[in-house]
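Visitor: Quick one: sequence and predicted model below, then my questions.
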Amino acid sequence: MTVTYYGHSCFSIEVNGMKLLLDPFITPNPLAKGKVDAGAVEADFILVTHGHEDHVADLIPIAKRTKAKVISNFEIVSWLEDQGIENVHPLNHGGKARFNFGNLKYVSAIHSSVLPDGAYGGNPGGFIIDTPEKCVYYAGDTALTLDMQLIPKSYNIDCAFLPIGDNFTMGADDAVVAAEFVNCKSVIGMHYDTFPYIEIDGEEAKAKFKKAGANLALMEIGETIEI
Ligand code: NI
Ligand code: MN
């Protein structure tokens, strides 16, 4: 499984020849300018955790161009259908479904969710992406929550994508606890540095994970790693 970072909380995960795009937000991200071309991003599936602009800004153009299947909560999927995007799959919390790449479960997140035009964006979530290669937890935007303790009862998480920017989501201190809750020592940080409210000291965040016996990876925008 390879992971490519497009900035903020946007990643591409390639598994078994299929490309999963997560929370597409590229064009308005000043940090991604000149590093990622939203018009060239490939996707077979697009996973969307909630309706906020910084997770869906490039969703509709990429969905239309790639014809990727968009998987999100029922309300966001319905909003997409109203705009002519028909290759969709709705999930709601606790539900899972099988796709070509593996099983996908929509899990709890403590956050909010409204779409850029003011439409109701349902309740925010995260995803467990359980594939024959690796099983990863993509938390979306969330506070630390005890619900995370349920995840390792059913899954062996190889890698957790956790927000670390604080202010709107968990910060690094809570993310260290979240990694313990999901029983995973390999963490990829997201949702930091994009805006002044969420600027962090990356080295300090890495040190906090190291002290807890875990590893925090902070990827360069455009970088691809094998997990
Ligand atoms: Ni959000
Ligand atoms: Mn966000």
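Guide: Structure received. Ligands and ions are numbered 1, 2, ... in the order given.
Visitor: Give me the spatial nearest neighbour of Ser186, chain neighbours excluded.
Guide: The shortest distance from Ser186 to any non-neighbouring residue, by C-beta to C-beta, 6 or more residues apart in numbering, is to Cys159 (4.7 Å). In this view, the C-beta of every residue, glycine as well, is placed from N, C-alpha and C.
Visitor: Tell me who's in contact with that neighbour.
Guide: Contact partners of Cys159, counting by C-beta atoms under 8 Å, 6 or more residues apart in numbering, are Val3, Lys134, Val136, Tyr137, Cys184, Ser186, Val187, Ile188, Ile227.
Visitor: Please apply the same query to Leu47.
Guide: Leu20, Leu21, Leu22, Asp23, Ile71, Ser72, Leu104, Phe127, Ile129, Tyr138.
Visitor: who wins for neighbours among the contacts of Cys159?
Guide: Val187 (29 neighbours; other C-beta atoms under 10 Å).
Visitor: Need the phi and psi values for that residue.
Guide: phi -120, psi 140 (degrees, to the nearest 10).
Visitor: Any idea what it is bridged to?
Guide: Ala160, Leu216 (DSSP bridges).
Visitor: Is it in contact with Gly213, as I believe?
Guide: No. Counting by C-beta atoms under 8 Å, Gly213 is not a contact partner of Val187; they are 11.5 Å apart.
Visitor: Can you give the contact residues for stretch 142-154?
Guide: By C-beta under 8 Å, 6+ apart, the list of residues contacting stretch 142-154 reads 107-111, 124, 126, 128, 137, 139, 157, 163, 169-170, 174-175, 177-178, 181-184.
Visitor: ok, of those residues, which come out buried?
Guide: When those are checked for burial by 16 or more other C-beta atoms under 10 Å, the buried set is 107-109, 111, 124, 126, 128, 137, 139, 157, 163, 169-170, 174-175, 178, 181-182, 184.
Visitor: Filtering the residues you listed by proximity to ligand 1, which remain?
Guide: Among these, no residue is within reach of ligand 1 (C-beta under 5 Å from the ion).
Visitor: Among the residues you listed, name the ones in strands.
Guide: Val107, Ser108, Gly126, Ile128, Tyr137, Pro163 (DSSP state E).
Visitor: can stretch 192-202 be found next to ligand 2?
Guide: No. Shown here: stretch 192-202 not in contact with ligand 2 (C-beta under 5 Å from the ion), separated by at least 8.6 Å.
Visitor: How far does that stretch stretch from one end to the other?
Guide: Criterion C-alpha to C-alpha, to the nearest Å; first-to-last residue distance in stretch 192-202 is 9 Å.
Visitor: same question, stretch 75-91
Guide: End-to-end distance of stretch 75-91 (C-alpha to C-alpha): 9 Å.
Visitor: and the chain, which of its residues are near ligand 2?
Guide: Residues of the chain lying close to ligand 2 by C-beta under 5 Å from the ion are His52, Asp54, Asp141.
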